[in-house]
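Here's a sequence, model it:
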Amino acid sequence: MSVSVTVDESTVKARPGSRLSNSEARAVAPELFAIEQKFGSVTREAVVKRARDKRSALHKHFEWNIGKAAESYWLGQAGDLIRSVVYQVKIIGGPIDEPTRSFQPALVSVRRATEDEKLESIGYVSVGRALADPGMRAQILEQAAHELDAWTRRYKTLELLAATAATVSRVAKRIRKRAATMKKKGRRAASN
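Below you'll find the model as predicted:
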């Protein structure tokens, strides 16, 4: 049995968490689909080229001030540098008999709750510091669950991965439950 996936362009909206509103996503989508139609795929270079035209719905979504664009680009490069540093972890007692080695990020992104209960990024901290703090540890688990959910949404329509997507979804739920427990423990410890 094969799965057929079609895109109903009338249902286009912004991805949750995106900087686009739903109406902006609906304006941008035809431009992206036109690029795909013309070139066979959508590349970043083709999007920028089309966005240079001030009449394009894409144009307003770019910073055309060179100084501001350069600063934004440098911040992106700084993020790439931060995410590029890894260290080797030796895992003992895993599902296989011999120790396994894995490379993990040296720094992880963490957030803090603001007065209005929203989360804001405070930057990156070492994995050791994050794991020592119950609140940060819970955030790492929540992020892992969020990434698993995103993977499930992306691949659940592929017949070959349907069973795997269901399993991944169950794992994400267990991770969220564990993160909630850690948060409660962290709040109790902080109040004592």
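
In terms of secondary structure, what does the longest helix along the chain contact?
Longest helix in the chain, counting residues (DSSP state H): helix 162-191. Here helix 162-191 touches helix 134-155, going by 3 or more CB pairs under 8 Å, 6 or more residues apart in numbering; DSSP states H and E. The way it works is simple: take the backbone N, C-alpha and C, and place the C-beta from them, glycine included.

what helices or strands is the helix it packs on leaning on?
Against helix 134-155 (3+ CB pairs under 8 Å, 6+ apart) you get strand 107-113, helix 127-132, helix 162-191.

With mean neighbour count, mean pLDDT and distance to Ala51 added, can I get the ones you listed in a markdown table?
What follows is the helices and strands packed on helix 134-155, written out as a markdown table (neighbours: other CB atoms under 10 Å; pLDDT from 0 to 100; distance: least, CB to CB, whole Å):
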| stretch | mean neighbour count | mean pLDDT | distance to Ala51 |
| --- | --- | --- | --- |
| strand 107-113 | 16 | 78 | 28 |
| helix 127-132 | 14 | 82 | 38 |
| helix 162-191 | 14 | 81 | 34 |
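
The spatially most central residue of the chain and Leu141, how far apart?
For the chain, the residue sitting closest to the mean C-alpha position, by CA atoms, centre = their mean, is Glu147 at 6.3 Å. The gap separating Glu147 from Leu141 is 11 Å, by CB to CB, to the nearest Å.

Could you do Val42 as well?
Taken as CB to CB, the span from Val42 to Leu141 is 34 Å.

Looking at those two, which is more packed in?
Leu141 (21 against 17; other CB atoms under 10 Å).

contacting residues around that one?
175-176, 178-179, 182 (CB atoms under 8 Å, 6 or more residues apart in numbering).

ok, now which ones touch Lys173?
Counting by CB under 8 Å, 6+ apart, the residues that Lys173 touches are Ala145.

How about Arg112: what's its closest non-neighbour residue?
Ile122 (5.2 Å; CB to CB, 6 or more residues apart in numbering).
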